[in-house]
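got a predicted structure here, sequence first:
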Amino acid sequence: MPSTSGASPFLPAAPALARRCSRGPNGSSRRCSRAVPASSVSRSPTVAVQATLAMPSPDSQRLRLQQQLQQQAQQQQAQQQLSGKDVEQAAMQACIRTATSVPPSSGVLDPSGLRWRGGALEAAYERCGAVCKEYAKTFYLGTQLMTPVQARCIWAIYVWCRRTDELVDGPNASKITPQALDRWEERLNGVFQGRPYDVLDAALTDTISKFPLEVQPFRDMIEGMRMDLFKSRYQTFDELYEYCYRVAGTVGLMTVPVMGIDPNYKGPLDKVYRAALALGTANQLTNILRDVGEDIRERDRIYLPLDELREFGISEDEVRAGIHKPSQGKVDERWRKFMKFQIQRAREYFQEAEDGVDYLDVKARWPVWSALILYRQILDVIEKNDYDNFSMRAYVSKSKKLASLPLALLRAMMPKSPQ
Ligand SMILES: CC(C)=CCC/C(C)=C/CC/C(C)=C/CC/C(C)=C/[C@@H]1[C@@H](COP(=O)(O)OP(=O)(O)O)[C@]1(C)CC/C=C(\C)CC/C=C(\C)CCC=C(C)C
């Protein structure tokens, strides 16, 4: 997908975000944003309960809901204490609870109370579609096979993810403060409470009224962006894994409820969600391996486990200096071995994801296979470049991308995993 340069056509201007949320000079640590109490506006209970609370209910029901609210507030506090793989595990369980708490194909918000409707909402979705088409042509193409409602809702999720990502990686990234991310999270709460802030948020609110989306992966993605503000080194794979979940695995958790599960699939839901998480992780690991040189040069970030680098006898300074550039006559066998190990691990996540695609509703399989096949090819290109990710960017040609689409379609139409 093209990287954005210049002003973003769909992102709220950074100064505006920052201005609206400034809370004084003392807020520049990740711990600070975590310290917001569970009962405050930015840590409100999940939507399933709120949506029901809006309706008149007998006393016993109200009591039950209050208990649920308390339980959820406690769960949220517990979520904030988690790290590593436990973060995604807790979010996945929350998603499964939400998905099973409403009848199939229902949302978790009551649509009758929503302000944006009719033409304005149509326009909002069209805008999301246009953004998706411009920035992620393959995803967009893939959504053409889904029902129009599913496609529009995937666009709305895409746009929210893209805007979130652009806060820390886009043209205004240097102006983004932790407080701006807090403000973005408050906006997210508004989206899930039926109070969208702008027209693109309104499309996501409408999506939430149609499908059982859980707020936790959205919050987790924002936390992933906070990690990018404060963390530029990862000591272990467990730390890196948490980052991958937050910025990419979350996309899997967000999109499965919209794409839907094959009605013939009778196995446990967590098998499907785990595959979705694996695809996000595989994609993100691949992105990381492709961008090693760019990340260190342009952002002073190393998204590689430092303990594993050490195991292969490679120092941080060597990575900074660009240890392996065969295209410039600089070959390092340690880097080759290190990269082979990393690529193998990414491929294992792709393999885990493959096993779950067939459990998705048939209409969703093609776009997911496309994403899987296209991203996985980047690993092949890194190998072809003799692991030089310092002076070369692994790039899958347009013709190869196009040639992969029928392959993905074929694979989508011929599921092979036993249900
Ligand atoms: C149908 C379909 C595949 C839908 C996904 C569409 C969607 C909502 C995408 C959001 C992507 C996004 C903007 C995420 C923000 C964080 C981020 C930048 C993550 C990286 C994506 C690629 O980024 P970018 O476009 O900037 O890449 P380039 O540098 O330009 O190459 C990520 C690498 C993560 C993408 C993660 C996924 C696509 C997860 C896909 C998982 C599923 C759709 C679940 C599949 C379900 C099963 C059961 C396997």
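Structure's in. What do you need? The structure displayed is predicted, hence computed values, not measured ones.

now the helix or strand harbouring residue 166: buried residues?
In this structure, residue 166 sits in helix 148-169 according to DSSP states H and E. The neighbour-count criterion (16 or more other Cβ atoms under 10 Å) identifies 150-169 as the buried residues of helix 148-169. To be clear about C-beta, it is placed using only N, CA and C from the backbone, and glycine gets the same treatment.

could I have the CA atoms of whichever helix or strand comes after it written out in PDB?
Past helix 148-169, heading to the C-terminal end, the next element that is a helix or strand (DSSP H and E) is helix 178-192. As requested, the backbone C-alpha atoms of helix 178-192 are provided in PDB (Å, rounded to 0.1, in the frame of the first residue of the first chain):
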ATOM      1  CA  PRO A 178       0.200  10.900  24.400                       C
ATOM      2  CA  GLN A 179      -2.700  13.200  25.200                       C
ATOM      3  CA  ALA A 180      -3.800  13.100  21.600                       C
ATOM      4  CA  LEU A 181      -4.000   9.400  21.800                       C
ATOM      5  CA  ASP A 182      -6.000   9.700  25.000                       C
ATOM      6  CA  ARG A 183      -8.300  12.000  23.100                       C
ATOM      7  CA  TRP A 184      -8.500   9.500  20.200                       C
ATOM      8  CA  GLU A 185      -9.500   6.800  22.800                       C
ATOM      9  CA  GLU A 186     -12.200   9.000  24.200                       C
ATOM     10  CA  ARG A 187     -13.500   9.400  20.600                       C
ATOM     11  CA  LEU A 188     -13.400   5.700  20.300                       C
ATOM     12  CA  ASN A 189     -15.600   5.400  23.400                       C
ATOM     13  CA  GLY A 190     -18.000   7.800  21.800                       C
ATOM     14  CA  VAL A 191     -18.100   5.700  18.700                       C
ATOM     15  CA  PHE A 192     -19.000   2.600  20.800                       C
END
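
what angle do helix 148-169 and helix 178-192 make with each other?
Using axes from the mean of the first three to the mean of the last three Cα atoms, to 10 degrees, one finds that helix 178-192 and helix 148-169 are set 170 degrees apart in direction.

what about the next helix or strand after helix 178-192, distance to the chain center?
Heading C-terminal from helix 178-192, the first helix or strand you meet, by DSSP H and E, is helix 199-210. Computed by Cα atoms, centre = their mean, to the nearest Å, the separation of helix 199-210 from the middle of its chain amounts to 17 Å.

now the helix holding residue 166, how far from the centre of its chain.
How far helix 148-169 lies from its chain's middle: 9 Å, per Cα atoms, centre = their mean.

hmm, back to that, near the ligand, from the buried residues of helix 148-169?
Checked against the ligand using Cβ under 6 Å from any ligand atom, the buried residues of helix 148-169 give the following subset in range: 154, 157, 158, 161, 162, 165.

quick one: the strands in this protein, in order.
Taking DSSP state E as the criterion, the chain carries its strands at 233-234, 302-305.

relative to residue 204, how far out is residue 313?
As defined by Cβ to Cβ, to the nearest Å, residue 313 lies at a distance of 47 Å from residue 204.

more neighbours: which of these two?
A count of neighbours by other Cβ atoms under 10 Å puts residue 204 above the other of residue 313 and residue 204, at 24 against 13.

need the contact list for the closest residue to the more buried one other than its chain neighbours.
The shortest distance from residue 204 to any non-neighbouring residue, by Cβ to Cβ, 6 or more residues apart in numbering, is to residue 156 (4.7 Å). Taking Cβ atoms under 8 Å, 6 or more residues apart in numbering, we find residue 156 in contact with 124, 125, 128, 200, 203, 204, 206, 207.

residue 201 versus residue 156, what's the distance?
Taking Cβ to Cβ as the measure, residue 156 and residue 201 are separated by 9 Å.

what's the burial count for residue 398?
Residue 398: 9 neighbours (other Cβ under 10 Å).

can you lay out the ones next to the ligand among the buried residues of helix 148-169 as JSON lines showing pLDDT and distance to residue 355?
Formatted as JSON lines, these follow (pLDDT from 0 to 100; distance: Cβ to Cβ, whole Å):
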{"residue": "154", "pLDDT": "97", "distance to residue 355": "22"}
{"residue": "157", "pLDDT": "98", "distance to residue 355": "23"}
{"residue": "158", "pLDDT": "97", "distance to residue 355": "25"}
{"residue": "161", "pLDDT": "98", "distance to residue 355": "24"}
{"residue": "162", "pLDDT": "97", "distance to residue 355": "28"}
{"residue": "165", "pLDDT": "95", "distance to residue 355": "28"}
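
quick check: residue 252 touching residue 283?
No - under the criterion of Cβ atoms under 8 Å, residue 252 is not in contact with residue 283, lying 9.2 Å apart.
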